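Trainee: Provide a 3D model corresponding to the input given below.
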Amino acid sequence: MHISWDEIQTLEALVRTGSIEAAGRELSLRHSSVSRRIAALEARLGTALFARGARLVPGTLTLRIAERAATMRGAAQDIEGFLGSERRGRERTVVVTTSDVLAPLLFRALAKARPAQAVEVLVSDDELELLPGQVDLALRPGQNPSGSLRGRRLGRLKVGVYRAKGGAPDWLQPSAELRAKASMRWWREVPGDSPGAVTCNSLLAMRDACCVGLGRAALPSFLAHGDARLQLERELEGGPPLWLLAPMARGVPKALRETQGAIFTALRSTEDAFAE
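Mentor: Below you'll find the model as predicted:
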């Protein structure tokens, strides 16, 4: 037998307040709604819970239920307070996840957007699950987002061949793991037979190796933009589409929508980041 919390809560309020009118005011229910809930509970239990007369008199079973429900009421109030505090905290903070490679691009956008909300950035190469109230936005490369996500396409990342002034002409090599990434198709432009070349398993490490003259590197242009040590030799095709993603959810707070819009606009306008 299933008894809902609404029914138990109504019975407890009715016993405690002593009248249908008072219980209705406390629960923001009409007189008829209180009566219907009690009638439904009595039908389910197969017994009368109150003696009807000039006033409602609870029976022994009713009092025992109400006694236990009082503890439940305290727990429910505690949960409501906790959730209210969490909601207020979430309205003040937006959580964004991205990879270590894309983090510099995100930080440049945040510096430009200056969102009203506090921003917590989770940097991880793992694709963290987007859950409303836990992780709000993700900056990720890839194709169209899955059905559980809604996304705004920023554009296709610009990629180029960079070399330090006076640096070695050899190619810096990506590791096998890096070369295998579907989002980094530009590696087909990088010869894999450079004797004595330095191999890196990170684009950030490859950028740093390029800066000190260890060789030329294929890099997303935003990683090299503004660095006086590097010069662009030529642009490459094959940069992945970049998305700002959010979970599919109803009732997204206005502040979060505004922050998402500000970050998107700032990302899209980042100089030398997108080829389209």
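Trainee: Quick check: what element follows the helix or strand bottoming out on mean pLDDT in the chain along the chain?
Mentor: Comparing helices and strands within the chain by mean pLDDT, DSSP states H and E singles out helix 60-92 as the least confident, with a mean of 77. Following the chain from helix 60-92 toward its C-terminal end, the next helix or strand by DSSP states H and E is strand 93-98.
Trainee: now that next one: mean pLDDT?
Mentor: Strand 93-98 shows an average pLDDT of 88 in the prediction.
Trainee: next one: that strand to chain centre, how far?
Mentor: 6 Å (C-alpha atoms, centre = their mean, to the nearest Å).
Trainee: For the helix or strand following that strand, the averaged confidence score.
Mentor: Under the assignment DSSP H and E, the closest C-terminal helix or strand after strand 93-98 is helix 103-113. Averaged across helix 103-113, pLDDT comes to 94.
Trainee: tell me what helix 103-113 is packed against?
Mentor: Packed against helix 103-113 by the contact rule (3 or more C-beta pairs under 8 Å, 6 or more residues apart in numbering; DSSP states H and E) you find strand 118-123, helix 221-224, helix 254-268. For glycine as for every other residue, the C-beta is placed from the backbone atoms N, C-alpha and C.
Trainee: For the second one, the averaged confidence score.
Mentor: Spelled out, that is helix 221-224. Per-residue confidence for helix 221-224 averages out to 94 on the pLDDT scale.
Trainee: Give the buried residues for whichever helix or strand comes after it.
Mentor: Using DSSP H and E, the helix or strand that directly follows helix 221-224 along the chain is strand 230-236. When burial is assessed from 16 or more other C-beta atoms under 10 Å, strand 230-236 yields the following buried residues: 230, 236.
Trainee: What mean pLDDT does the helix or strand following strand 230-236 get?
Mentor: Note on strand 230-236: by DSSP H and E, the next helix or strand toward the C-terminus is strand 241-247. Confidence for strand 241-247, expressed as mean pLDDT, is 90.
Trainee: got the contact list for strand 241-247?
Mentor: Residues lying outside strand 241-247 but in contact with it, judged by C-beta atoms under 8 Å, 6 or more residues apart in numbering, are 102, 130-132, 135-143, 145, 148-157, 252, 260, 263-264, 267, 274.
Trainee: Quick one: buried ones out of the residues you listed?
Mentor: The buried subset of these - by 16+ other C-beta under 10 Å - is 102, 130, 132, 135-141, 145, 149-157, 260, 263-264, 267, 274.
Trainee: returning to what we had before: from the contacts of strand 241-247, which land in strands?
Mentor: Using DSSP state E, the members of the contacts of strand 241-247 that fall within strands are 137-141, 149-156.
Trainee: Which one of those residues is nearest to P115?
Mentor: Set against P115, the nearest of the ones in strands among the contacts of strand 241-247 by C-beta to C-beta is L137 (10.8 Å).
Trainee: quick one: the closest one and T97 touch, right?
Mentor: Yes. In this structure L137 lies within contact range of T97 using C-beta atoms under 8 Å: 7.4 Å.
Trainee: Tell me the residues that contact both of the two, please.
Mentor: L130.
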